[in-house]
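> how does the following fold in three dimensions:
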Amino acid sequence: MDEAFLTQWLSLRAVDGVGDRTLLKLIHAFGSSDAVLHATNGDLVAAGCSSDLADAIRRGPSAEIRRQIDRQVADVARLKVRILTFFDDDYPTRLKAIPDPPPLLYVSGELLPQDAVGVAIVGGRRATPVGRVITEEIAKNLAECGVTIVSGLARGIDAAAHRGALAGKGRTIAVLGCGIDRTYPSEHQALRRTIESHGAVLSELPIGAAPQSHHFPRRNRIISGLSIGVLVSEAATDSGSLITAKLALEQGREVFAVPGSIKEEACRGSNRLIKEGAKLIEGAGDILDEILPQVDARQRAMLHVDRTVADAVAPLRHEEAMVYEALSYEARSVDAVIESTGLHAAQVVATLLSLELGGRIRQLPGQQYIRL
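Here you go, the predicted model:
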């Protein structure tokens with residue numbers, strides 16, 4: 001998008017009374033933002049504008065707002081950010097179909113056609129270690145099959161979803177609740193750079209916009225809108241990821257949830273989703289079973305669904321099998337494994353290390369282990 005074209009879009013959007021839907025309606029009616037800005041009062045009223053709104057469009061934004069727009073356009077050029085409008089051919093098709101699509105998307109990284117087969121994975125910022133590990137595993141397995149993982153770059157489950165996709169050498173998209181020139185939280189700057197190299201970072205907000213609380217519910221409709229389905233991996237009852245699940249249902253998307261312990265506060269929201277009808281998910285294969293019937297032949301050709309979700313692995317030795325069976329998807333201590341297997345402590349510690357190096361189990365903080 002050239003600077004003049006972007007200036008026209010931002011100028012029209014800045015007019016008091018021109019919301020997202022009005023903006024898209026007017027550009028669709030007149031053919032371009034420039035044509036709207038130069039339309040007569042009579043033409044604007046004929047297109048559905050009130051007399052006051054038509055007058056406001058004819059006047060355009062104030063001088064101060066115009067200076068802010070000029071700075072925005074200069075920042076876009078300086079940062080080499082790509083701008084997508086709703087009317088561009090490569091604007092994400094699924095996002096275009098939601099009731100309130102963003103008219104403009106600021107993009108760093110690259111969106112590709114295969115991103116049309118995307119699954120959003122969201123959850124709590126205060127995720128448990130087990131929740132993060134399970135999320136990474138599901139995201140990794142989906143990414144290995146060619147599914148793009150969409151999330152919000154937040155702490156906890158979101159970060160685990162992005163990292164899992166990257167570990168699976170797949171693509172991932174992060175949708176921000178701030179301007180694209182910012183990274184929130186700031187400690188995810190390195191993760192963001194890796195996402196940009198293996199996917200894209202998106203925002204509908206203007207450059208410089210702070211990560212204010214009211215931005216995130218709006219951001220969530222983009223996360224679900226980009227996806228075929230939304231997986232809530234772990235969420236408390238007050239988690240914003242439940243808003244994403246609600247939006248997904250309103251958009252006609254599938255909603256999935258990973259079951260968690262009934263004693264764990266961090267899982268109460270996601271467990272409630274299952275009670276209310278969300279599909280219970282135990283692994284990536286459950287999600288693939290649900291989304292593949294919604295994928296057309298062209299999109300399916302870009303996937304690797306012929307791959308098994310879990311790679312073939314060598315059989316376990318006797319001690320390894322004993323230790324592996326003593327573990328579960330709930331964290332267990334070394335002492336608990338020793339007690340369960342009857343093996344010597346040194347044998348258990350050595351076997352746990354072997355299983356971890358083989359990708360069968362994961363060590364959590366506090367010398368706790370879970371199976372994968």
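> what pairs with the residue nearest in space to the middle of the chain across the strands?
Geometric centre of the chain, nearest residue: residue 151, 1.8 Å, by Cα atoms, centre = their mean. Bridge pairing for residue 151 (DSSP bridges) gives the partners residue 174.
> list the contacts of the nearest residue to residue 189 once chain neighbours are set aside.
In space, residue 189 comes closest to residue 183 once its chain neighbours are excluded; the distance is 4.9 Å by Cβ to Cβ, 6 or more residues apart in numbering. Placement of C-beta: from N, CA and C, glycine included. Residue 183 makes contacts with 153, 176, 189, 192, as judged by Cβ atoms under 8 Å, 6 or more residues apart in numbering.
> quick check: phi and psi at residue 183.
Geometry field for residue 183 lists phi and psi as phi -120, psi 120, criterion degrees, to the nearest 10.
> pLDDT wise, what is it at?
On the pLDDT scale, residue 183 is placed at 97.
> the one 10 residues further on too?
According to the predicted model, the pLDDT of residue 193 comes to 97.
> helices and strands around the host helix or strand of it, which ones?
Taking DSSP states H and E as the definition, residue 193 sits inside helix 189-197. The helices and strands touching helix 189-197, judged by 3 or more Cβ pairs under 8 Å, 6 or more residues apart in numbering; DSSP states H and E, are strand 104-109, helix 157-167, strand 172-175.
> what's the angle from the helix or strand that comes right after that helix to helix 157-167?
Note on helix 189-197: by DSSP H and E, the next helix or strand toward the C-terminus is strand 199-203. Put simply, strand 199-203 runs at 150 degrees to helix 157-167, going by axes from the mean of the first three to the mean of the last three Cα atoms, to 10 degrees.
> wasn't residue 39 part of a strand?
No. Counting by DSSP: H, G, I helix; E, B strand; the rest coil, residue 39 is not found in a strand; it is coil.
> hmm, it is touching residue 31, no?
No. Under the criterion of Cβ atoms under 8 Å, residue 39 is not in contact with residue 31, lying 10.4 Å apart.
> more crowded one of these two?
A count of neighbours by other Cβ atoms under 10 Å puts residue 39 above the other of residue 39 and residue 31, at 20 against 11.
> for residue 55, give its distance to residue 16.
11 Å (Cβ to Cβ, to the nearest Å).
> burial check on residue 196, number of neighbours?
15.
> also residue 345?
11.
> give me the pLDDT value at the residue nearest to the centre of the chain.
Per the predicted model, pLDDT is 98 at residue 151.
> which residues touch it?
Contacts of residue 151 by Cβ under 8 Å, 6+ apart are 120-122, 157-158, 161-162, 172-175, 223.
> over to residue 41?
51, 54-55, 58.
> just the angle between the helix holding residue 193 and strand 104-109, please?
Using the same axes, to 10 degrees: helix 189-197 against strand 104-109 is 100 degrees.
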